[in-house]
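Participant: kindly return the folded structure for what I paste below:
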Amino acid sequence: MSPTFPLWPASELSPMRSGYELLTKAVSGVLRHASVDVLPPFVRTLGLAQSELMAALECCRPTEAYVPISELKYAVVVATVPPLFHDVVAHLMASRTAEADAEHVNWLARAIAAASLGHRMLWQDLGLSGRHEVAALMKLYFQPLFLRNVTDLKWKRFIFRELGDKLGRHDMPPPGCHRCTQYCKCFETGRLAPPAAMAPKPTVAA
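Facilitator: Here you go, the predicted structure:
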């Protein structure tokens, strides 16, 4: 399957040759981490129907054979997908780049949602080389969201900050962050201004 977009400059994605290759690296990364119990078992499904998962695997992990399990067993695993996972996926998909392939973006949104529920840095649970690769994916596949992160918050925190505002839970922290060794560093800087609805109203002189 050909890349969704033209090749990116080496300075932005080196040594990756395209954004699509970086996408498949991220999807493969979360699936690999789920297979060794670094991420929860439900991540092995990406919250997809088994037929849809097989299509994703064919593109993202073409050298690895996947043996289907019974639909009953598969349904048991899918039933453990937490509601928060679906909330994150929906939030990301609402900010997808219009020109990007919707199926590819859906796979990536599910990979990011799964990794965001982990307790390590987002790029680590995605199997990427660093935060710069997460930023490249956001810029390419979720451009409206990328442009809103004007204070350069860590991506996991920014996603949950926005989602929390939607859910009425201002500054909602990602569920696994408290177990990360970088927790204090991530949460001591880069606070966003509260949304307009929550901002203090100016006092009017009598």
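
Participant: what about D37, which helix or strand?
Facilitator: With elements taken from DSSP states H and E, nothing contains D37; it lies in neither a helix nor a strand.

Participant: gap between Q143 and R131?
Facilitator: If you measure Q143 against R131 using CB to CB, to the nearest Å, the figure is 17 Å. The C-beta positions use only the backbone N, C-alpha and C, and glycine is treated the same way.

Participant: off-centre distance for stretch 128-137?
Facilitator: 11 Å (CA atoms, centre = their mean, to the nearest Å).

Participant: list the buried residues of the longest helix along the chain.
Facilitator: Determined from DSSP state H, the single longest helix within the chain is helix 19-35. By neighbour count on 16 or more other CB atoms under 10 Å, the buried set for helix 19-35 is 19-20, 22-34.

Participant: chain neighbours aside, what residue packs nearest to the residue nearest the centre of the chain?
Facilitator: Taking CA atoms, centre = their mean as the criterion, I112 is the residue nearest the geometric centre of the chain, at 1.8 Å. Distances taken as CB to CB, 6 or more residues apart in numbering put L92 closest to I112, at 6.2 Å, once the chain neighbours are dropped.

Participant: element containing the one you found, please.
Facilitator: L92 is located in helix 83-93, with elements delineated by DSSP H and E.

Participant: tell me the one of the buried residues of helix 19-35 nearest T80?
Facilitator: Compare each of these with T80 using CB to CB and the shortest gap goes to A34, at 11.9 Å.

Participant: can you pull the contacts of the nearest residue to the closest one once chain neighbours are set aside?
Facilitator: Spatial nearest neighbour of A34, chain neighbours left out: V43 (3.6 Å); criterion: CB to CB, 6+ apart. By CB atoms under 8 Å, 6 or more residues apart in numbering, V43 lies in contact with 30-31, 33-34, 114.

Participant: quick one: list the elements packing against the host helix or strand of L72.
Facilitator: With secondary structure defined by DSSP H and E, L72 is part of helix 71-78. When contacts are defined as 3 or more CB pairs under 8 Å, 6 or more residues apart in numbering; DSSP states H and E, helix 71-78 sits against none of the other helices and strands.
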